[in-house]
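Undergrad: The amino acid sequence is not available; the structure is as follows:
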């Protein structure tokens, strides 16, 4: 029966099918098969087909553009974050001062000079890398060795980011924000005592930090100011493709997006704890979290046309969701139609929004599809 539906639908104009799948793509975030239930803590890549994710108990995974697979790294210690200057120059840090390095072929251990847990890492190049962690630990790599730096604090530091090697920010517990000018680390007035968990920016005059109780602070080159997040969930990760395309992730599946003027909540499709976010562009973003959760965002519009036409819980919407999930997704032909939808949907949806007559024509065609489905299901 299902095969017959697919064969018939193959000859229906693609225009009919495009709005069909719009029933449930509101999130635009989709789960990826990670192959693990291990908590994932950090994500970074050199491209959309060369992405790494760190995890607990020495787990580290790689995405090649098609699948996630485990990598052999030579340690069972938990890794908390990673960063690289390229796909053949990647650093990962974690518990007990663990640092490992990837040269494009193998992971090898590096001597960090500390036993304190390292939570964050960032660099301006492969020979100018900073790592931060427990008890105010900051260490620096010059291309040859890791050496300690004086932070002036005992607060645990979780995140680090800079616009260059002499413009670096580190954040941590009790609202701690430190600034490195190329010579020394000095404290900044953050305006909060809440724990700050991650930091990202586009320049020395446009930097944002996220943390406990939905905290977001923004730096304009002079002062740190409060930004209303609309949530009280702890926020653990931040990344953006530009100043007006920023993603924030956190506890209970929280994902926020900033478009340059306002922050809005995005539907993640999960209640798992999201620890980190990174992407290659605003339409190719990865988020990782507890129980092996990996989500991907493709940038597709989240307008729900079917719910506007028929209602979220209507018989029509249910039938079309059934078609997508239980029929088309079960065959190569159907999967190809779904792929075409994701490629062309934004253009079609925009046309429907701008032309009520066109929208009515689409509805009439969908009614024809519904009649076909009902006949086959019966």
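TA: On my side now, so go ahead. Predicted, not measured: the structure shown is a model, and the values here were computed from it.

Undergrad: Name the nearest residue to residue 227, ignoring sequence neighbours.
TA: The shortest distance from residue 227 to any non-neighbouring residue, by CB to CB, 6 or more residues apart in numbering, is to residue 216 (4.1 Å). Where you see a C-beta, it was placed from the backbone N, CA and C, and this is true even at glycine.

Undergrad: who's that neighbour bridged to?
TA: Taking DSSP bridges, one finds residue 210 as the beta-bridge partners of residue 216.

Undergrad: pLDDT at it, what is it?
TA: pLDDT, residue 216: 98.

Undergrad: List the residues that contact it.
TA: Contact analysis of residue 216 by CB atoms under 8 Å, 6 or more residues apart in numbering lists 208-210, 226-229, 235, 248, 263.

Undergrad: Could I have the ChimeraX command that selects the buried members from the residues you listed?
TA: Here is the ChimeraX command that picks out the buried ones among the contacts of residue 216, judged by 16 or more other CB atoms under 10 Å:
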select :208,209,210,227,229,235,248,263
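
Undergrad: and of the contacts of residue 216, the nearest to residue 138?
TA: residue 209 (16.5 Å; CB to CB).

Undergrad: Quick one: low-confidence residue ranges for this protein.
TA: In the predicted model, the chain carries pLDDT under 70 at residues 1-27, 300-313, 317, 320-322, 324-326, 328-330, 333-353, 373-378.

Undergrad: If we use 50, what do you get?
TA: Along the chain, segments meeting pLDDT under 50 span 1-27, 301-304.

Undergrad: which one among the contacts of residue 216 gets closest to residue 62?
TA: Using CB to CB, residue 248 comes nearest to residue 62 of the contacts of residue 216, at 25.0 Å.

Undergrad: Can you tell me the element the closest one falls in?
TA: Using DSSP states H and E, the element containing residue 248 is strand 245-250.

Undergrad: how far does that strand sit from the chain's center?
TA: Per CA atoms, centre = their mean, to the nearest Å, the displacement of strand 245-250 from the mean C-alpha position of its chain is 7 Å.

Undergrad: Can you pull the domain assignment for this structure?
TA: 2-25+303-377, 29-297 (automatic domain parsing).

Undergrad: for the longest one, the distance to its chain's centre please.
TA: Centre-to-centre, domain 29-297 and its host chain are 11 Å apart (CA atoms, centre = their mean).

Undergrad: returning to what we had before: helix or strand next in line after the strand holding residue 248, which one?
TA: Using DSSP H and E, the helix or strand that follows strand 245-250 in sequence is strand 255-258.

Undergrad: Which strands or helices does the helix or strand just after that following strand pack on?
TA: Downstream of strand 255-258, the first helix or strand assigned by DSSP H and E is strand 263-266. In terms of contacts (3 or more CB pairs under 8 Å, 6 or more residues apart in numbering; DSSP states H and E), strand 263-266 is packed against strand 255-258.

Undergrad: Report all helices and strands that the strand it packs on contacts.
TA: For strand 255-258, the contact count by 3+ CB pairs under 8 Å, 6+ apart identifies strand 245-250, strand 263-266 as packing neighbours.

Undergrad: and it, which strands flank it?
TA: Checking strand 255-258 against DSSP bridges gives partners strand 245-250 (antiparallel), strand 263-266 (antiparallel).

Undergrad: Just the residues contacting the first one, thanks.
TA: It refers to strand 245-250. Strand 245-250 is contacted from outside by 200, 208, 210, 214, 216, 229, 231, 233-240, 254-260, 263, 268, 273-277, 279, 282, 285, 287, 289, 297, using CB under 8 Å, 6+ apart.
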